[in-house]
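Asks: Provided below for reference: sequence and predicted model.
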Number of protein chains: 2
Amino acid sequence: MTARRFDSPRDAERAFYDALESNDIDALMQAWAPDESIVCVHPMGAPLNGRAAVRDSWQAICRSGQQLRFNVVELQYDESDHIAVHVVREEITMGREKPKVAAMVATNVYRRGEDGWHMVLHHASPGPSGEQSTPDVTLH
Amino acid sequence: MTARRFDSPRDAERAFYDALESNDIDALMQAWAPDESIVCVHPMGAPLNGRAAVRDSWQAICRSGQQLRFNVVELQYDESDHIAVHVVREEITMGREKPKVAAMVATNVYRRGEDGWHMVLHHASPGPSGEQSTPDVTLH
């Protein structure tokens, strides 16, 4: 499969969420960098390293056939020539007839290589129901 | 307070965890960049923006007087001239007489400014009990 080129971190990010909405695993993996250093942390999950493990995890999600819709709210973008860090709130709507809404916080990191910008890290975790949270003093 | 200078992302990271182990809020905040763009996501928490909100959240943790010990395991380091992204597993031991152990996954981002390297993002979330996880298909 020919690697898809993205000219900006935002282009790669859009392709990532578009692919998730379409349950298109091939398009989704084209948003990721074509190398084994990629890392994906699903909510409450251990870090997954490398394209095979990352692909398998998303494949399970795409095959479930859920109709996910993402409203991606930019919280913080920090970009340099070669690395971009985006912190976003993912407002996820699931299903159509009786839609459920969930909120996640995600850190998405993109790297610019010879073939343009691609995702190298997706770290997602459950957000609170409210807008501000009290830190969990029990842990940190 | 004079800003503390760190010559590498690793130096800033060490200072951050050392300060947490010492419950030293001033030292902890010196590991963070001296500007309002910083973001901190505590486990299950909403993103906190800016030094005041970030300080308040850690202040509550430091004041609780817990004896936290961190074993920080490097999972992925991605560094460029100006931004460094560290994905780590935090193995946290709490208390001494009947210690409890918890595991977190954290993405720590550092930026190089005029005063050296400082933390600009800390995104921590609960890790699974096992080494590998199955993604939560219900969400993503």
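Replies: Here it is on my side, so go on.
Asks: Run the angle between the longest strand seen in chain A and strand B:100-113 for me.
Replies: When chain A is parsed with DSSP state E, its longest strand is strand A:100-113. In terms of direction (axes from the mean of the first three to the mean of the last three CA atoms, to 10 degrees), strand A:100-113 departs from strand B:100-113 by 50 degrees.
Asks: Just the buried residues of strand A:100-113, please?
Replies: A:102, A:103, A:104, A:105, A:106, A:107, A:108, A:109, A:110, A:111, A:112 (16 or more other CB atoms under 10 Å in any protein chain shown). Any C-beta I mention is one placed from the backbone N, CA and C, and that applies to glycine too.
Asks: So it, near chain B or not?
Replies: Yes. For strand A:100-113 and chain B, the contact criterion (CB under 8 Å from any CB of the partner chain) is met by A:102, A:104, A:105, A:107, A:109, A:111.
Asks: Report the next helix or strand after that strand in sequence order.
Replies: Using DSSP states H and E, the helix or strand that follows strand A:100-113 towards the C-terminus is strand A:116-126.
Asks: Now do that next one and strand B:116-126, the angle between them.
Replies: Here the directions of strand A:116-126 and strand B:116-126 differ by 50 degrees (the same axes, to 10 degrees).
Asks: Which elements pack onto strand A:116-126?
Replies: Helices and strands touching strand A:116-126, as assessed by 3 or more CB pairs under 8 Å, 6 or more residues apart in numbering or on different chains; DSSP states H and E, comprise helix A:9-22, strand A:39-41, strand A:100-113, strand B:68-79, strand B:83-94, strand B:100-113, strand B:116-126.
Asks: Any chance of JSON lines for those, columns distance to residue B:43?
Replies: JSON lines is the format used below for the helices and strands packed on strand A:116-126 (distance: least, CB to CB, whole Å):
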{"stretch": "helix A:9-22", "distance to residue B:43": "24"}
{"stretch": "strand A:39-41", "distance to residue B:43": "12"}
{"stretch": "strand A:100-113", "distance to residue B:43": "11"}
{"stretch": "strand B:68-79", "distance to residue B:43": "13"}
{"stretch": "strand B:83-94", "distance to residue B:43": "10"}
{"stretch": "strand B:100-113", "distance to residue B:43": "6"}
{"stretch": "strand B:116-126", "distance to residue B:43": "5"}
